[in-house]
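>>> Let me see the structure of the following:
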Amino acid sequence: MASESTNPMAAFFALYPSFNYNPRTHPAAEFRRLCRYMDWEMDDNEQKSAWFEFQNAVARLFNGVYGTDATSLQAWQHLCRRVRIDPPPDVLEEAREAVFNTHVNLMDLAEVELHPGREVRLWPTEARLAKYTRDTGRIVSSSSPMAGGLLKALLRYIFPSSKKRLTTGPVWEKGASPDRATDGGSREEESAIQANAGASDGIAGGQTKKKKKTKGKGKKRKAAA
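Below you'll find the model as predicted:
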């Protein structure tokens, strides 16, 4: 298992020292558990800030695994092998197209590298992948400033600029299973759902909650630059 210095997810959760992070659990599920632990309400400033930093950690993880160069044949071949296209095409455009035609969740694509021997889950249709992404909250934000060129290329393909919107993070129901969540926010916000390369629509949860003033159970450390 990577250390905090090399694992962006571990480094993110270390910002909340009173929270008992479980690296064997998917980061998206751990983030929802963190939100419940800190007793954050939807759209609280603390929740928004944490979601932003969490998405930056996801982007850093992806960059560290696959690189940032969208013109690198080796990077696209690595992605091909990860989605079980092996041997991968020897031509950049063909390797890229092969990845674009695969139904895979981008957060899963990054997170699977933290678990040697584990394979990423592939989906037969865009619709089933979109439902899976919505239900699990395994979202990669298209607005993270940490996204490298390769990740941006995938996000641009999934979310054409005319349909891309920002998200403040997952909406969770208190008492719900940590393996299920929906994504939503204000009327002006739409989830950046990571369906497969080729799916362009986000999915808005459309849920709202009455906010109440609460205090978290732990203090956040100052984020490193």
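>>> Show me which positions of stretch 91-99 end up buried.
92, 95, 96, 98, 99 (16 or more other CB atoms under 10 Å). The C-beta positions use only the backbone N, C-alpha and C, and glycine is treated the same way.
>>> Same list, those, but as a markdown table with pLDDT, secondary structure and distance to residue 46 please.
Below are those laid out as a markdown table (pLDDT from 0 to 100; DSSP: H, G, I helix; E, B strand; the rest coil; distance: CB to CB, whole Å):
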| residue | pLDDT | secondary structure | distance to residue 46 |
| --- | --- | --- | --- |
| 92 | 98 | helix | 43 |
| 95 | 98 | helix | 41 |
| 96 | 96 | helix | 39 |
| 98 | 96 | helix | 41 |
| 99 | 96 | helix | 36 |
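>>> May I see those arranged in JSON lines, with distance to residue 38 as well?
Listed next are the buried residues of stretch 91-99 as JSON lines, based on distance: CB to CB, whole Å:
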{"residue": "92", "distance to residue 38": "44"}
{"residue": "95", "distance to residue 38": "42"}
{"residue": "96", "distance to residue 38": "40"}
{"residue": "98", "distance to residue 38": "41"}
{"residue": "99", "distance to residue 38": "36"}
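>>> now the helices for the protein?
With helices called from DSSP state H, the chain shows them at 8-13, 27-38, 45-66, 73-82, 92-100, 106-111, 126-136, 149-158.
>>> Nearest to residue 86 among the buried residues of stretch 91-99?
residue 98 (10.5 Å; CB to CB).
>>> mean pLDDT for the helices of the chain: which is lowest?
Ranked by mean pLDDT, those bottom out at helix 149-158, which scores a mean of 88.
>>> which parts of it are buried?
150, 151, 153, 154, 155, 157, 158.
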